[in-house]
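Undergrad: Below is the structure, and that's it, no one-letter string:
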């Protein structure tokens, strides 16, 4: 049992330059956003779930799924708008209309359809039970990462072992789950707060749809699971 009031916010703009209307495009016959809504609704950690959107079709789909919608003003729905602006607007609306004040805000982007209920719950638990004021999901990597400087490739960590198994793992922030202390979100205007912890996600959970190729990859993974074990387990 989580001893905190936890609000899940699915941030879903209508606009998208990389893949137009991507948040509601069909993924195996189901609007992309619905995967996030279904998983969030199954989480025991979230006491409340809302969708923040500027789009009437996204609003209709979300309400049909039984999820409340916060109408996002256009000023917070531009390509240059920060997610935090939409989050703070959502909690302001709930405070003004319902006197609802969460302790924790969990940000769920609709472009991560393979995140699990367990990942959401682990991130919330880590935030509540630790000294962190924010928790981010990450994935590990043994890649040899570097930068190109004037044509030269320079490793960020020099002298790493050539064998992948011998390298110290690095961790990459995924956009799958962000859990943030609500007061810190207001103070810092950042989902990352000032004391950031991490929870490691499975690589599949971190698959994020931002391009047409991403749709193909995620569909392939889901079909593979369907053939292998009868469906993808959230």
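TA: Sure, I can see it. In this text, all values refer to a predicted model and were calculated from it rather than measured experimentally.
Undergrad: and the longest helix seen in the chain, which residues are buried?
TA: For the chain, the helix with the greatest residue count under DSSP state H is helix 212-229. Across helix 212-229, burial judged by 16 or more other C-beta atoms under 10 Å covers 214, 215, 218, 221, 222. Quick note: C-beta positions are derived from backbone N, CA and C, even for glycine.
Undergrad: mind putting those in JSON lines, pLDDT and distance to residue 106 included?
TA: Shown next, in JSON lines, are the buried residues of helix 212-229 (pLDDT from 0 to 100; distance: C-beta to C-beta, whole Å):
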{"residue": "214", "pLDDT": "95", "distance to residue 106": "23"}
{"residue": "215", "pLDDT": "94", "distance to residue 106": "25"}
{"residue": "218", "pLDDT": "96", "distance to residue 106": "22"}
{"residue": "221", "pLDDT": "94", "distance to residue 106": "24"}
{"residue": "222", "pLDDT": "94", "distance to residue 106": "23"}
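Undergrad: for this protein, which spans come out with low pLDDT?
TA: Scanning the chain for pLDDT under 70 picks out 1, 229-234.
Undergrad: and stretch 8-23, how far from the chain's centre?
TA: 12 Å (C-alpha atoms, centre = their mean, to the nearest Å).
Undergrad: so which strand or helix has the most centrally placed residue in the chain?
TA: The chain has residue 176 as the residue nearest its centroid, 3.1 Å off, counting by C-alpha atoms, centre = their mean. Taking DSSP states H and E as the definition, residue 176 sits inside strand 170-181.
Undergrad: Give me the sheet partners of that strand and which way each runs.
TA: Strand 170-181 has its sheet partners listed here by DSSP bridges as strand 104-108 (antiparallel), strand 134-141 (antiparallel).
Undergrad: among the ones you listed, which is nearest residue 88?
TA: Residue 88 lies closest, by C-beta to C-beta, to one member of the strands paired with strand 170-181: strand 104-108, at 9.0 Å.
Undergrad: Where do the helices of this protein begin and end?
TA: 32-42, 56-64, 83-98, 117-129, 182-188, 212-229.
Undergrad: what's near enough to touch the closest residue to residue 169 other than its chain neighbours?
TA: What sits nearest to residue 169 in space, not counting adjacent residues and going by C-beta to C-beta, 6 or more residues apart in numbering, is residue 140, at 4.3 Å. In this structure, residue 140 makes contact with 169, 170, 171, 172, 200, judged by C-beta atoms under 8 Å, 6 or more residues apart in numbering.
Undergrad: Also residue 217?
TA: residue 207.
Undergrad: mind starting the numbering at 49 from now?
TA: In the new count, where the first residue is 49, that last one comes out as residue 265.
Undergrad: Distance check, it against residue 161.
TA: From residue 265 across to residue 161, the span is 11 Å (C-beta to C-beta, to the nearest Å).
Undergrad: just checking, residue 201 touches residue 192?
TA: No: the criterion here is C-beta atoms under 8 Å, and residue 201 misses it with residue 192 at 9.7 Å.
Undergrad: more crowded one of the two?
TA: residue 192 (15 against 9; other C-beta atoms under 10 Å).
Undergrad: Spatially nearest residue to the more buried one (excluding sequence neighbours)?
TA: residue 208 is the one closest to residue 192 (C-beta to C-beta, 6+ apart), at 5.8 Å.
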